[in-house]
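Undergrad: Here is my input; please provide its structure:
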Amino acid sequence: MTEAPSFVTLFLHNFNSVYPPLMPAKMRQTGVYRNGDEHMIAIIMAVYNGETYLNEQIDSLLSNTEKDFVLHIFDDGSTDRSAAVIQSYTDKYPSKIFYHRNVTNQGVIHNFLNGCLQVDADYYMFCDQDDVWLPEKIAHSVEAVKRAEAQSPNVPIALFGDARVVDDSLQQLHPSFQQMSGYHTDALDVAHLLMENKLIGCTMLFNRALRDKLTDTIPDGLRMHDWWIALIASAFGRIIYLDEPLLLYRQHTGNVVGGSSRSHYITNRVKHLTAQRQVLYDTCKQAEVFLTIYNDQLTETQKRLVSLFAGLPSANWFTRRYLILRYHFLKSGLLRNLGVMLII
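TA: Sure, this is the predicted structure:
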């Protein structure tokens with residue numbers, strides 16, 4: 001009996017008819033498995049009690065035009081039917097989809113980054129358990145990074161892009177996560193990224209040169225896995241922004257980290273000033289960890305910059321604000337920066 005097409009397969013077919021590919025046909029992949037001498041992409045999926053949306057996410061990966069990838073799923077101790085859902089795919093695609101179950105719960109940051117350390121590949125992509133990847137996501141991302149590598153060989157490179165924000169049933173809430181959030185995607189230098197992360201992990205692709213900058217033991221004190229990758233890329237290589245939606249970014253009550261509008265962002269922070277002050281100090285702590293690990297590899301200018309940011313909590317009232325303005329430790333937009341000046 002012929003298997004009925006999945007919901008995601010039908011959705012992606014309809015999506016392509018409404019939103020045609022942004023790149024010309026001659027630049028798109030053929031959709032067949034590539035020869036062994038081509039580069040391989042490792043998709044690192046972190047899962048925790050994700051049974052509700054796993055089928056849709058995995059189906060969307062398999063529906064991508066680029067087929068030269070392997071999917072490594074790292075289960076962080078799920079207690080629902082996630083393992084059974086995943087096994088149905090590993091049984092069907094034993095050389096493409098691999099299941100790993102953590103002995104103890106690591107949390108999302110360590111689960112993603114430790115997953116990278118366990119897998120050898122030329123390129124790496126983070127994958128959440130509840131989104132839907134658009135058909136050209138992998139192809140467009142790896143093509144852009146390869147072009148950058150041709151210009152800058154052996155340099156750590158990270159790419160990130162945009163996403164369509166949808167609800168739990170994939171109805172569009174906003175056509176652009178970046179526009180909704182108001183992030184300045186061109187402010188990708190170390191100073192700006194010390195203060196604010198712009199890179200959505202589920203849109204990212206980075207190369208082996210960047211992955212090899214990770215330490216064998218992932219440190220504590222990191223704000224998020226994608227932010228850590230962004231800092232490494234900014235300090236030692238390049239960051240590329242791909243200005244197109246790469247996935248459907250699902251928002252629901254179970255998100256670990258989700259999107260929010262600028263108005264919601266500001267309202268939430270005004271209501272919780274003490275908590276936001278602690279978040280800012282945790283961000284400075286992340287810089288301290290970064291300096292400790294990469295001190296010998298940073299330039300003298302970079303060392304001073306990271307050190308000044310890490311030391312903001314211990315500086316006096318005037319000095320904190322002076323350093324933020326002097327060295328451009330800034331967020332995106334006037335209101336966010338006024339908020340920083342209020343709570344620092």
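Undergrad: show me where the protein has helices.
TA: Per DSSP state H, the chain carries helices over the ranges 7-18, 51-62, 82-92, 108-117, 137-151, 177-181, 190-195, 208-211, 225-236, 262-271, 273-294, 300-310, 317-326, 334-343.
Undergrad: Reformat these as a markdown table; add mean pLDDT.
TA: Below are these laid out as a markdown table (pLDDT from 0 to 100):
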| stretch | mean pLDDT |
| --- | --- |
| helix 7-18 | 48 |
| helix 51-62 | 98 |
| helix 82-92 | 98 |
| helix 108-117 | 98 |
| helix 137-151 | 98 |
| helix 177-181 | 97 |
| helix 190-195 | 98 |
| helix 208-211 | 98 |
| helix 225-236 | 98 |
| helix 262-271 | 59 |
| helix 273-294 | 96 |
| helix 300-310 | 98 |
| helix 317-326 | 98 |
| helix 334-343 | 95 |
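Undergrad: Of all these, which one is nearest Ala158?
TA: Of all the helices of the chain, helix 225-236 sits nearest to Ala158, with 3.7 Å by C-beta to C-beta. To be clear about C-beta, it is placed using only N, CA and C from the backbone, and glycine gets the same treatment.
Undergrad: thinking again about what came up before, nearest to Cys127, out of the helices of the chain?
TA: Across those, Cys127 has its closest neighbour in helix 51-62 (7.1 Å, C-beta to C-beta).
Undergrad: So which elements touch the closest one?
TA: Other helices and strands packing on helix 51-62, by 3 or more C-beta pairs under 8 Å, 6 or more residues apart in numbering; DSSP states H and E, are helix 7-18, strand 41-47, strand 69-75, helix 82-92, strand 132-133.
Undergrad: and the shortest one, which strands flank it?
TA: Think strand 132-133. Paired neighbours of strand 132-133 in the sheet (DSSP bridges): strand 238-250 (antiparallel).
Undergrad: in the partner strand, what counts as buried?
TA: Residues of strand 238-250 classed as buried by neighbour count (16 or more other C-beta atoms under 10 Å): 238-242, 244-250.
Undergrad: how many other residues sit next to Asp162?
TA: Around Asp162 there are 23 other residues, counting by other C-beta atoms under 10 Å.
Undergrad: contacting residues around it?
TA: By C-beta atoms under 8 Å, 6 or more residues apart in numbering, the contact list for Asp162 reads 176-178, 203, 242-246.
Undergrad: returning to what we had before: among the helices of the chain, which comes closest to Asp167?
TA: Asp167 lies closest to helix 51-62 among these, at 12.1 Å (C-beta to C-beta).
Undergrad: quick one: contacts of that closest one?
TA: The contact list for helix 51-62 (C-beta under 8 Å, 6+ apart) reads 6-9, 12, 43, 45, 47, 50, 69, 71, 78, 80-82, 84-86, 89, 93, 97, 127-134, 138, 247, 250, 254.
Undergrad: Ok, stretch 330-337 next?
TA: With contact meaning C-beta under 8 Å, 6+ apart, stretch 330-337 is reached by 181-184, 187, 191-192, 195-196, 198, 262, 265-266, 324, 339-340.
Undergrad: Please identify which pair of those residues lies farthest apart.
TA: Ala191 and Ile266 (22.5 Å).
Undergrad: which of these two has more neighbours?
TA: Taking neighbours as other C-beta under 10 Å, Ala191 and Ile266 compare with Ala191 leading, 19 against 16.
Undergrad: which one of the helices of the chain lies closest to Asp168?
TA: Of these, nearest to Asp168 by C-beta to C-beta is helix 51-62, at 8.2 Å.
Undergrad: ok so, going back, same list, the helices of the chain, but as a markdown table with distance to Tyr123 please.
TA: As requested, the helices of the chain are arranged in a markdown table below (distance: least, C-beta to C-beta, whole Å):
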| stretch | distance to Tyr123 |
| --- | --- |
| helix 7-18 | 22 |
| helix 51-62 | 14 |
| helix 82-92 | 21 |
| helix 108-117 | 11 |
| helix 137-151 | 6 |
| helix 177-181 | 22 |
| helix 190-195 | 21 |
| helix 208-211 | 7 |
| helix 225-236 | 13 |
| helix 262-271 | 32 |
| helix 273-294 | 22 |
| helix 300-310 | 26 |
| helix 317-326 | 35 |
| helix 334-343 | 32 |
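Undergrad: Out of those, the one nearest Gln171 is which?
TA: Judged by C-beta to C-beta, the one of the helices of the chain that comes nearest to Gln171 is helix 7-18, at 11.4 Å.
Undergrad: picking that back up, how about the buried residues of strand 238-250 in a markdown table, adding pLDDT?
TA: Shown next, in a markdown table, are the buried residues of strand 238-250 (pLDDT from 0 to 100):
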| residue | pLDDT |
| --- | --- |
| Arg238 | 98 |
| Ile239 | 98 |
| Ile240 | 98 |
| Tyr241 | 98 |
| Leu242 | 98 |
| Glu244 | 98 |
| Pro245 | 98 |
| Leu246 | 98 |
| Leu247 | 98 |
| Leu248 | 98 |
| Tyr249 | 98 |
| Arg250 | 97 |
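Undergrad: would you list these in CSV and tack on distance to Tyr294?
TA: CSV is the format used below for these (distance: C-beta to C-beta, whole Å):
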residue, distance to Tyr294
Arg238, 17
Ile239, 16
Ile240, 21
Tyr241, 23
Leu242, 26
Glu244, 32
Pro245, 33
Leu246, 29
Leu247, 30
Leu248, 35
Tyr249, 30
Arg250, 34
